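Chemist: show me how the following folds:
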Amino acid sequence: MTKPNYILEDQIGFIMRLANQRHTGIFADLMGDDITPTQFATLAKLRELESCTQNKLGRYTAMDGATIKGVVGRLSKRGLVETRTDPSDSRRLLVELTNAGKELIEKAIIRGHKITADTLKPLSTKEQVQLVNLLQKIT
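Modeler: Numbering: from 1, shown residues only. As a prediction, the model looks like this:
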């Protein structure tokens with residue numbers, strides 16, 4: 001019986017995992033210990049929205065309820081975000097950046113642009129646009 005041809009290194013999941021590992025390494029090198037990728041995503045989205053329910057924030061940042069709750073809790077302990085009850089529904093929490101959170105994310109965004117540029121550096125400008133568009137298409 002012949003085995004079907006399956007070369008691990010040619011599979012999209014394996015290639016995407018390698019690309020993610022490379023990106024994660026670049027993120028860690030440039031961002032240091034200031035914030036994790038999930039904390040960065042949370043702070044960046046709050047910078048954009050100013051205020052958001054914790055539930056929606058999780059959806060906007062592709063995190064499940066338990067993960068976003070943990071991320072918000074850690075950011076809150078560091079004084080980077082604050083939560084308050086949503087006046088329109090007391091069962092929901094609104095999350096907002098504190099002044100310290102605003103300062104941190106402004107500095108982090110500068111590094112975030114460099115992280116993106118370094119991750120995509122091996123590609124031409126045209127290839128960078130193509131890659132981002134193709135990845136968005138499959139997500």
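Chemist: please count neighbours and contacts with C-alpha atoms only from this point.
Modeler: OK.
Chemist: list the buried ones in the longest helix seen in the chain?
Modeler: For the chain, the helix with the greatest residue count under DSSP state H is helix 99-120. Going by neighbour count (16 or more other Cα atoms under 10 Å), the buried part of helix 99-120 is 101-102, 104-105, 108, 112, 114-115, 118-120.
Chemist: pretty sure residue 58 contacts residue 68?
Modeler: Yes. Under the criterion of Cα atoms under 8 Å, residue 58 makes contact with residue 68 at 5.3 Å.
Chemist: would you mind measuring from residue 130 to residue 137?
Modeler: In this view, residue 130 and residue 137 are 10 Å apart by Cα to Cα, to the nearest Å.
Chemist: quick one: which of those two has more around it?
Modeler: residue 130 (13 against 8; other Cα atoms under 10 Å).
Chemist: so what's that one up against?
Modeler: Listed by Cα atoms under 8 Å, 6 or more residues apart in numbering, the contact set of residue 130 is empty.
Chemist: check contacts around residue 62.
Modeler: Here residue 62 is in contact with no residue (Cα under 8 Å, 6+ apart).
Chemist: how about it, secondary structure?
Modeler: coil (DSSP: H, G, I helix; E, B strand; the rest coil).
Chemist: how far away is the residue nearest to the spatial centre of the chain from residue 62?
Modeler: Geometric centre of the chain, nearest residue: residue 41, 3.5 Å, by Cα atoms, centre = their mean. To residue 62, residue 41 is 9 Å away according to Cα to Cα.
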